[in-house]
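> A predicted structure for the sequence below; I have some questions about it.
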Amino acid sequence: MNSTLVILLISALVLVQARNIRFSEEDNSSQVSHPHSVNWPCDVGHFPEAYILMHKVDKRLERIDDESTKERIGNYAVSQLKQCILDGQMDVHCVRRSIGFTMSFIHHQMSLANGM
């Protein structure tokens, strides 16, 4: 009975240790490469919650030729995303609210660029 209990305890410890090693390897591999665009700094770009805003902005930037306008829009979007980082986590609700603000900012910048 005691030997069975010892074997179960050792097996449980081995499984927990193997799980911890696997998760630490996944953490290290996720830090090496980021799936986000090179237009985005890593401090906001590595949050999957931010991808929807980044994707929308990237699509809008493809249609803009003026580099200074692109830079203003990119800086605005990054500042919006940085405001959504709380305790090292990206607040998805904040990102969703930022989409509207950022799209409005893009529209305003486009209006200024077109002389309206």
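Nice, I can see it.

> Please enumerate the strands of the chain.
According to DSSP state E, the chain carries its strands in the segments 85-86, 89-90.

> And the ones you listed: which comes nearest I10?
Taking CB to CB as the criterion, strand 89-90 is the member of the strands of the chain that comes nearest to I10, at 36.2 Å. Just so you know, the C-beta spots here come from the backbone N, C-alpha and C atoms, and that holds for glycine as well.

> What helices and strands are in contact with the closest one?
The elements that strand 89-90 packs onto, with contact taken as 3 or more CB pairs under 8 Å, 6 or more residues apart in numbering; DSSP states H and E, do not include any helix or strand.

> show me the contacts for the residue nearest to V44 when sequence neighbours are not counted.
Distances taken as CB to CB, 6 or more residues apart in numbering place L81 nearest to V44, at 4.0 Å, with adjacent residues excluded. If you count contacts by CB atoms under 8 Å, 6 or more residues apart in numbering, L81 has them with V44, F47, A50, L53, M54, M90, V95, S98.

> ok, G88 - how many residues close by?
Under the neighbour criterion other CB atoms under 10 Å, G88 is assigned a count of 6.

> same question, S111
Counted with other CB under 10 Å, the neighbours of S111 add up to 10.

> and stretch 73-80, average pLDDT?
What stretch 73-80 shows for mean pLDDT is 95.

> May I see the buried residues of it?
Of the residues in stretch 73-80, those buried by neighbour count under the rule 16 or more other CB atoms under 10 Å are I73, G74, Y76, A77, V78, Q80.

> Going by distance to W40, which of those residues wins?
Sorting the buried residues of stretch 73-80 by distance to W40 puts V78 at the head of the list, at 7.0 Å, by CB to CB.
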